[in-house]
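Visitor: Could you work out the structure for the sequence below:
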Amino acid sequence: MKHVLTIVLLVIISGCSLAQDRFKLTLGTGLAQYKMDDLKEIQDTQENFFDGFELERVDNFPMYLFYSGEASVRIQKIISVGLIYRLQSTGCKSAYSDYSGVFKIEQIVKANNAGVLVDVDLWNKNKFFLSGQTRIYYGWTVLKYKEYVEIYAIDSGLYNSTSELKSESVMINPDITFSYEITNHFFANLSVGYCIDFKGDIKNRGQTVRSFKGGDLQTDWSGFRLGLSASYKF
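Guide: Residues are numbered from 1 along each chain as shown. Here you go, the predicted structure:
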């Protein structure tokens, strides 16, 4: 992946000195769906283990915002290549509280992603454009698992534990994008796609973490993507 990123970066740099409208910068955000089946299993197991507390699932890895930045250069009439950075996050929380105290179990997951993209123009009319993209990026995921207990009647009745785990994986994200030319160089974009995560083993200090069922625990960022972005062409 490192060699691919280097090659694409060199192509982008060389493209900056070429004809007008070859170079494009894009900033965007959007909503993403995440599978995270193994992490949901962890939460289920912990809720069953602490069954006496009647923990209630508050969040269960819901759809959440992602943020991205892209730089690309047109290398042929309808084909562009570029680099992408994307930040994704989600989480899960189970909690119980009453007059005596609070008990919470949380998982917070964040991934920094960097990779390459290929953009192909499919159709255009006047100021409207339709294009297809394939984004391939590498993800570095950090998972924070937290347990928090507070007993109101005891001055020292506070327990707060956090474990930090990590995983890495490769993702492929095909998209279809509809664009509108607002001004001569400025575009608004709406994209719809699906991310396929080849999953990464969750590791604690370099050691793979096993699930309660015996398999390796993995993160899975797979799911639908809906994005809004703005682009500027040079």
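Visitor: can you pull the contacts of the nearest residue to residue 78 once chain neighbours are set aside?
Guide: Closest residue in space to residue 78, ignoring its immediate chain neighbours: residue 121 at 4.0 Å, by Cβ to Cβ, 6 or more residues apart in numbering. Every residue, glycine included, has its C-beta placed from N, CA and C. Contacts for residue 121 (Cβ atoms under 8 Å, 6 or more residues apart in numbering) come out as 77, 78, 79, 129, 130, 131.
Visitor: List the beta-bridge partners for residue 223.
Guide: On the basis of DSSP bridges, residue 223 is bridged to residue 195.
Visitor: isn't it right up against residue 30?
Guide: No - taking contacts as Cβ atoms under 8 Å, residue 223 lies outside contact range of residue 30: 11.7 Å.
Visitor: if we can go back for a sec, need the contacts of residue 121 in a markdown table (columns: pLDDT and neighbour count).
Guide: Formatted as a markdown table, those follow (pLDDT from 0 to 100; neighbours: other Cβ atoms under 10 Å):
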| residue | pLDDT | neighbour count |
| --- | --- | --- |
| 77 | 89 | 6 |
| 78 | 93 | 11 |
| 79 | 94 | 11 |
| 129 | 97 | 17 |
| 130 | 98 | 13 |
| 131 | 98 | 19 |
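Visitor: Adding secondary structure and distance to residue 186, write those residues out as CSV.
Guide: Compiled in CSV, the contacts of residue 121 are given as follows (DSSP: H, G, I helix; E, B strand; the rest coil; distance: Cβ to Cβ, whole Å):
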residue, secondary structure, distance to residue 186
77, coil, 22
78, coil, 21
79, strand, 22
129, strand, 13
130, strand, 18
131, strand, 16
